[in-house]
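[1] what's the 3D shape of this:
(2 chains)
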Amino acid sequence: MVKFYFRALVGIIFLLTPERSFLQNSDAPKSLGNTYFIKNCFVVQKPGIVLSGQNVLIKDGFISDICPSSKPPFDAQIIQADSMYVYAGFIDGFSNIGISKPESKDRPKLPDPGNPPNDLAGITPQNSSLDSYKSSDKSVSDMRSAGFVISNVAPRGLMLPGQCNLILLGDESADKLLLKAKTGQTFQLESNRGIYPATIIGVMAKFREIYKNASIAGNHEAKYIANPSGLMRPDFSRELMAMYPVTTQKMPLFFVTQKTKDVHKALSLKEELGFDLILTEVKQGWHYIDKIKKTNTRVLLSLDLPEIEKKKAKSETAKDSLSTKKDSVSTKELEKVEKNPEKEAFDVKKEQSTKEYLSQAALFEKQGILFGFSFLNVKPSDIKNNIRTLIENGLSEDAALAALTTNPAQILGINNVSGTVEKGKIANLIITDKPYFNEKSAVKYTFVDGRKYEYQEKKKQENKPTEAGKFIGTWTYTVEVPGSVQKGKMVITKSAGEYMIKVFDNSSPGEEDVANNISVNENSVTFNIIADMGQPVKVDFDLKFAEKAYSGSVSVGEFGTFPIKGEYESEPKLF
Amino acid sequence: MNRIIFILILCTSTLAIGQNVLIKNGTVLTVTKGTLAETDVLITNGKIAQIAKNIKKEANYNEIDATGLYVMPGIIDAHSHIALDVVNEATSPVTAEVNVGDALNPLDVSIYRALAGGVTISHAMHGSANAIGGQCETIKHRFGEINPDNLRMQGAPRTIKFALGENPIRTHGEGSKIVPNTRMGVEQIFRNAFSEAKIYAKEWDDYKNGLRKSSPEYNLRHETISDILKGNILIHCHSYRADEILMLMRVLKDFGVSKVCFQHVNEGFKVAPELAAFGASASVFSDWWAYKFEVYYSTAYNAAILTRNGVVTSINSDSDELIRHLYHEAAKTQRYGDLSDDEALALITINPAKQLGIEKMAGSIEVGKDGDIAIFKGHPLSVYAIPQMTLVDGAIKFDINKDPDDMRLDINPSEKFSSFYETDKSQENNGCLQDVSEMLMQESYAKYLRFRYSKNHSH
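    The predicted structure is shown next:
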């Protein structure tokens, strides 16, 4: 099928490319001014210190004043924050935020699987997360709306995926938002099945070898630079060169250690080789707490917690499922289900085990171990709930806040610029309507590098229109591409619980585009269509619906994002 | 409540604190120094301190009444794969650099089951996919420990797995179309690996002696193999056929290596005098064969013939099930070969200890050795034998009278079932897949093979 519409659109973008930067600048919300006056708020300056009735002035990306009696400057946007709370923006100690998952490829057929090229073996320490980070990735705005302002982003990959970078979670390019480059190397006990090293024993052996060779090569290079006479020219290995600073302890190693045995491997390998270890994504580290403490090892605990089952509810459902299965189930059989000593003993053990996982953070706090959090496997929308679970299991609110702000700032060496609400620090803040750890609190604003992101309270479901009235129907659309306007119709239908969206553009009558990856939330619909431009170009739609109208954005591959809006026209019909 | 206390005891008993215990009035099968009736064994700080009649119990000693029971040294299994998360790094014909010590799993409940069969030490081995597989780990069955290091037997020499025959040929020759694709190829793998390691070691010696300015590249594979050539690592070689057993002895002789234990060695009886002359030892199954082509020519008299020819012989399990009744396996050599009690018991105690280089620390009841003890009701070589209690370093690790149902140390909070049994059963009963089972069969069989291959490709 010919895609006239998208050819037209992409063509226009191509033509306009030289002027894009200009257009973007004039377009940016920053032009409204970058001075903000947060009026009459509580300031949680750092864990344990709350100031009331404060005015916070943000100017040129910095926190320029915190004062109870100051007046707003004439050019400031005033944010009425009565009874609201200002916190330092949260810092993600380690994650893959902003880096999309690579498409799963078939395992390559190698002539000798025992001797693969480094990239297939997962040995790419020279890679940088800056190369694959995209601020437009949904995970970035999700983290931001959860109150996070800085992520320590690691590239995705296998055993040695590459260098981490501290990136501010704004929406400009990574280069503009880089806070600190090369914060560390990453090491994961992960491998490509069927290719050396395929198992953890292979990965451990290979790591030792790489480490020793990096150390040898680094020393040799230094000797050669001092006096090359009679010395072999150093080998140029990007992999080893990337590892030099790890072997000299100038760059820490983020060792992903989820379970108890991984933690042991990390600690033993550190003892054996001597690198600067940061235990990362720790889920089960309490067995080694003494050693962690003794060695002053820095820790990032996982927020991916085991799910807690509601006990009563569960046994009831068990009964229910049994009785629905067989209506004529005898009471004897029912009792058997209820009194299974093996199951009961198991449940006791399981509960104990769950408790250990959930109280790990509290235990680390009690032992005085400095820890932040890492976010490899947790959904941003679950973060607050999970932290509250940790608090219910003994973690203090101050320690929880420290683990989100001051601790990661210290672990990552940025405590002089971020992590607290203090004059002179970067304006990385969040504003919540209630104390953050309150069950019903919501993040109202996130400031990243002085730039404001505002969040509307999710509309309560009181007068919610039926889904049909909300999304289903024929809608007009208008896309504003610089210098041109693109119009057409969009038809949203639903059958058998599945949404279906077809797009008809005015420029190509009779043609239709069918949407993929449709995702429908409370008020928003996202989907994409693939336009065939010689090569496939993905066009992402992100639409926010209000009553009888919507607005949002359209992203065309790497060419840019453009505003789209439209109105309800009629019941679904085809063109 | 008792159960919980027992689990707590298991969890908190650390090896640092050697246990004090007095085993009273048993029939002590020392294996090396005869059988002593109504004798006490005193274990102090985890080591055997005294063997005599009527030893007086001191205050801080536990007492075990062994009246009417048999007290034997803890059983040693020279070939096992329990307590390991990874068995094979099957991607290359030579992987000397990998070490299953990096994949120790102290949480494996198989350790407890082995203890219930009187086994206190096992040789956790790399698999047999590669001609030169990885290094192995001699472990003590200190079940209850969480730290993998606490399983390692301090003072046990390094060991490494070699493999001959069909397994490396199938994996690499047939699987990846590389050498070895024949038994000749397997030999060449050894010769190349040894030769390369020699060159490597020389480069480093030159560097250390100042004959070379720049450091050579570090290669953990060559490094490990040169340690074999220096005699610092014992070879344990998976093997079946007589011709290839002779082949490896020739290769080792050419490279000056003398320490080798042949594993399985089903045709060992054909070359028993040659094995004895070389000083090689043999670790065999009692009566297990015909599971693939190269394992047909076998006999249950193998262990007896090897023993009578002066070869240090042991009987191993290579299985988390067989490891629970190695005493029965040893007893079979009395039916097939008329070995004496001490000879038969030596097959699962002092002989495997010699093969692992730990005979000074374990394998018999002698003063100074580790307090590793198995206590039986009925003679351990009797078909009516029942293990009663197993001690490691003097600590009771299994007691048939305090044997809780669920001995798992690590429960995954997201686990749904209380036992493996239920997990299996629920899969069988998965009615909604019944009709597609044929469709899935091929896929799941392939998966099964991959699983077998990765976990148990060992015999």
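[2] check contacts around B:K253.
    B:F278 (C-beta atoms under 8 Å, 6 or more residues apart in numbering or on different chains). Quick note: C-beta positions are derived from backbone N, CA and C, even for glycine.
[3] does chain A sit close to the top helix by length along chain B?
    Across chain B, the longest stretch assigned as helix under DSSP state H is helix B:183-208. No: against chain A, helix B:183-208 shows no contacts by C-beta under 8 Å from any C-beta of the partner chain, the least distance being 10.2 Å.
[4] what helices and strands are in contact with that helix?
    Packing contacts for helix B:183-208, counted by 3 or more C-beta pairs under 8 Å, 6 or more residues apart in numbering or on different chains; DSSP states H and E, involve strand B:132-140, helix B:166-169, helix B:220-229, helix B:242-254.
[5] at 6 Å what do you get?
    Under the contact criterion of 3 or more C-beta pairs under 6 Å, 6 or more residues apart in numbering or on different chains; DSSP states H and E, helix B:183-208 touches helix B:220-229, helix B:242-254.
[6] out of these, deepest packed?
    helix B:220-229 (a mean of 21; mean count of other C-beta atoms under 10 Å in any protein chain shown).
[7] show me what it is packed against.
    helix A:200-226, helix B:183-208.
[8] so what's the gap between that helix and the chain middle?
    Relative to the chain's own centre, helix B:220-229 is displaced by 22 Å; criterion: C-alpha atoms, centre = their mean, to the nearest Å.
[9] who does the helix or strand just after that helix pair up with?
    Later in the chain than helix B:220-229, the nearest helix or strand by DSSP states H and E is strand B:233-239. Strand pairing for strand B:233-239, using DSSP bridges, gives strand B:158-163 (parallel), strand B:260-264 (parallel).
[10] skip the chain neighbours and tell me the closest residue to A:S132.
    A:I99 (4.9 Å; C-beta to C-beta, 6 or more residues apart in numbering or on different chains).
[11] number of residues surrounding B:I199?
    If you count neighbours by other C-beta atoms under 10 Å in any protein chain shown, B:I199 ends up with 11.
[12] could you do the one 4 residues further on as well?
    Neighbour count for B:E203, taken as other C-beta under 10 Å: 17.
[13] wait, it touches B:P216, no?
    Yes: at 4.2 Å, B:E203 counts as touching B:P216 under the criterion of C-beta atoms under 6 Å.
[14] Serialize the helices and strands packed on helix B:183-208 to a markdown table and add fields for mean pLDDT.
    Below are those laid out as a markdown table (pLDDT from 0 to 100):
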| stretch | mean pLDDT |
| --- | --- |
| helix B:220-229 | 98 |
| helix B:242-254 | 98 |
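[15] okay, those helices in a markdown table with distance to A:E351 next?
    Below are these laid out as a markdown table (distance: least, C-beta to C-beta, whole Å):
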| stretch | distance to A:E351 |
| --- | --- |
| helix B:220-229 | 44 |
| helix B:242-254 | 54 |
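[16] now the residue in chain B that chain A sits nearest to, nearest residue through space, not along the chain?
    In chain B, the residue that lies nearest chain A is B:S92 (2.7 Å; C-beta to the nearest C-beta). Distances taken as C-beta to C-beta, 6+ apart place A:G114 nearest to B:S92, at 2.7 Å, with adjacent residues excluded.
[17] wait, is that neighbour part of a helix?
    No: A:G114 is assigned coil when assessed by DSSP: H, G, I helix; E, B strand; the rest coil, not a helix.
[18] could you report the neighbour count for it?
    Look at A:G114: counted by other C-beta under 10 Å, it has 21 neighbours.
[19] tell me the contacts of it?
    A:Y196, B:T91, B:S92 (C-beta atoms under 6 Å, 6 or more residues apart in numbering or on different chains).
[20] please tell me how far it sits from A:Y436.
    Separation of A:G114 from A:Y436 (C-beta to C-beta, to the nearest Å) stands at 52 Å.
[21] poorly predicted segments of the stretch 351-500 of chain A, please.
    By pLDDT under 70, the low-scoring segments of the stretch 351-500 of chain A are A:457-469, A:483.
[22] what does it put close to chain B?
    By the rule C-beta under 6 Å from any C-beta of the partner chain, the part of the stretch 351-500 of chain A lying against chain B is A:S353, A:T354, A:Y357.
[23] secondary structure of A:N407: a helix, I assume?
    Yes: checked against three-state DSSP, A:N407 lies within a helix.
[24] what is the burial count for it?
    25.
[25] same deal with the one 10 residues further on?
    As a burial measure, A:V417 scores 15 neighbours (other C-beta under 10 Å).
[26] what do you get for the one 4 residues further on?
    By the other C-beta under 10 Å criterion, the neighbourhood of A:V421 contains 24 residues.
[27] for chain A, which residue gets nearest to chain B?
    For chain A, C-beta to the nearest C-beta, closest residue to chain B: A:G114, 2.7 Å.
[28] need phi/psi at that residue.
    Here is the backbone geometry of A:G114 (degrees, to the nearest 10): phi -80, psi -10.
[29] what does A:M243 give?
    Per degrees, to the nearest 10, the backbone of A:M243 is at phi -90, psi -10.
[30] which pLDDT value belongs to it?
    Listed pLDDT for A:M243 reads 97.
[31] also A:K349?
    Looking at A:K349, the pLDDT reads 88.
[32] would you agree it is in contact with B:D410?
    No: in this structure, A:K349 is not within contact of B:D410 by C-beta under 6 Å, at 9.7 Å.
[33] sorry, back to before: could I get the strands paired with strand B:233-239 as CSV with mean neighbour count and mean pLDDT?
    Shown next, in CSV, are the strands paired with strand B:233-239 (neighbours: other C-beta atoms under 10 Å in any protein chain shown; pLDDT from 0 to 100):
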stretch, mean neighbour count, mean pLDDT
strand B:158-163, 25, 98
strand B:260-264, 29, 98
